[in-house]
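In: Sequence below, structure please.
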Amino acid sequence: MKKILYSNFLNNSVILFIFIVMRFFIIKIKLRFNFFIRFQVLLFKNVLFTICLLFAVSIFSSDLPDFQLKDQRNKVLNSKNLKGKIVFLLGCSYMDIVLCRKHGRKIYWRMQNLIDESEDFVEFIAFVDLRNAPNAIQVYIDENKSKNYESILLDTKGVLSSGIRPNVSWLRIFSRSKKQIFESYYKEVDDQTVDFLYEIVRKQKK
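Out: Just a heads-up that it's a prediction; the model follows:
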């Protein structure tokens with residue numbers, strides 16, 4: 001009788017040991033599986049963050065557009081000739097062409113008193129968005145060709161005009177490597193505005 005009880009106890013102990021061992025391996029496998037899942041989730045989050053970051057950079061940091069446009073006197077400006085220069089690109093809608101000239105003059109002439117032409121290679125470019133412009137606008141431009149107005153590029157296809165807004169001028173500044181470093185819209189441009197813009201040019205020397 002004692003032998004039978006001992007045998008049963010031994011069998012139960014073996015079974016219990018096997019059960020504990022199996023349970024241990026099952027838990028270990030689950031832990032490994034959970035770790036793998038967590039690792040995959042973390043990896044996915046990192047990849048998603050990187051994609052979002054690159055997408056944001058592509059939106060908020062743009063290059064100088066490639067363009068070849070004529071001004072009101074049919075003089076052609078090619079963006080390829082702007083290599084190595086800081087570019088001020090000022091634009092307006094066709095309804096605000098007078099505003100564009102006013103702001104452009106203020107920026108250009110005040111900046112001439114601030115920049116060192118031997119060190120600061122700056123190009124000032126103004127353009128007008130002529131998409132959907134009525135014939136009267138073209139007539140106005142043609143009638144004023146002979147006047148001593150500053151050059152203004154005529155953007156008939158919207159090459160430069162994707163961000164144009166009514167009643168304001170749109171200024172972008174590009175570095176010597178053609179990367180956009182500043183953007184703003186203006187209803188008014190005064191001396192303080194231009195002094196602030198000069199600081200952007202000055203910092204490009206560093």
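
In: Now residue 102: closest residue in space that isn't a chain neighbour?
Out: residue 189 (7.7 Å; CB to CB, 6 or more residues apart in numbering). Every C-beta, even on glycine, is put in place using the N, C-alpha and C of the backbone.

In: Assign the one you found to helix, strand or coil.
Out: Secondary structure, DSSP: H, G, I helix; E, B strand; the rest coil: residue 189 is coil.

In: tell me the pLDDT at it?
Out: Note on residue 189: pLDDT of 98.

In: now do the one 5 residues further on
Out: At residue 194 the predicted local confidence, pLDDT, stands at 97.

In: Next, work out how far apart the residue nearest to residue 102 and residue 100 are.
Out: Here residue 189 is placed at a distance of 11 Å from residue 100 (CB to CB, to the nearest Å).

In: what do those two both touch?
Out: Counting by CB atoms under 8 Å, 6 or more residues apart in numbering, the common neighbours of residue 189 and residue 100 are residue 169.

In: These two: which is more packed in?
Out: residue 100 (23 against 20; other CB atoms under 10 Å).

In: so what's that one closest to, chain neighbours aside?
Out: residue 92 (3.6 Å).

In: what about the strands in the protein?
Out: For the chain, the strands defined by DSSP state E occupy 68-70, 76-78, 86-93, 122-129, 153-155, 169-174, 180-186.

In: Quickly list the domain ranges of this structure.
Out: For the chain, the structural domains run 2-58, 68-204, going by the TED database.

In: Quick check: end-to-end length of stretch 143-154?
Out: 15 Å (CA to CA, to the nearest Å).

In: Residue 120 versus residue 154, what's the distance?
Out: 28 Å.

In: out of these two, which sits in the busier spot?
Out: Higher neighbour count among residue 154 and residue 120: residue 154, with 19 against 16, using other CB under 10 Å.

In: Phi, psi for the closest residue to that one other than its chain neighbours please.
Out: Excluding the flanking residues, the one nearest residue 154 by CB to CB, 6+ apart is residue 130, at 5.6 Å. Note on residue 130: its backbone torsions stand at phi -100, psi 10 [degrees, to the nearest 10].

In: Isn't residue 130 up against residue 155?
Out: Yes - using CB atoms under 8 Å, residue 130 makes contact with residue 155 at a distance of 6.1 Å.

In: Just name the most buried of the domains of the chain.
Out: Among the domains of the chain, ranked by average contacts under mean count of other CB atoms under 10 Å, first place goes to domain 68-204 (a mean of 16).

In: Check the offset of that one from the chain's centre.
Out: Using CA atoms, centre = their mean, to the nearest Å, the distance from the centre of domain 68-204 to the centre of the chain it belongs to is 19 Å.

In: For that domain, measure first residue to last.
Out: 26 Å.

In: In this structure the residue nearest to residue 102 contacts residue 109, no?
Out: No - the criterion here is CB under 8 Å, and residue 189 misses it with residue 109 at 11.1 Å.

In: now the helices for this protein?
Out: Ranges of helices within the chain are 2-60, 97-112, 135-143, 191-203, based on DSSP state H.

In: and the first one, what's its mean pLDDT?
Out: Helix 2-60 shows a mean pLDDT of 54 in the predicted model.

In: cool, and the third one?
Out: When the per-residue pLDDT values of helix 135-143 are averaged, the result is 92.
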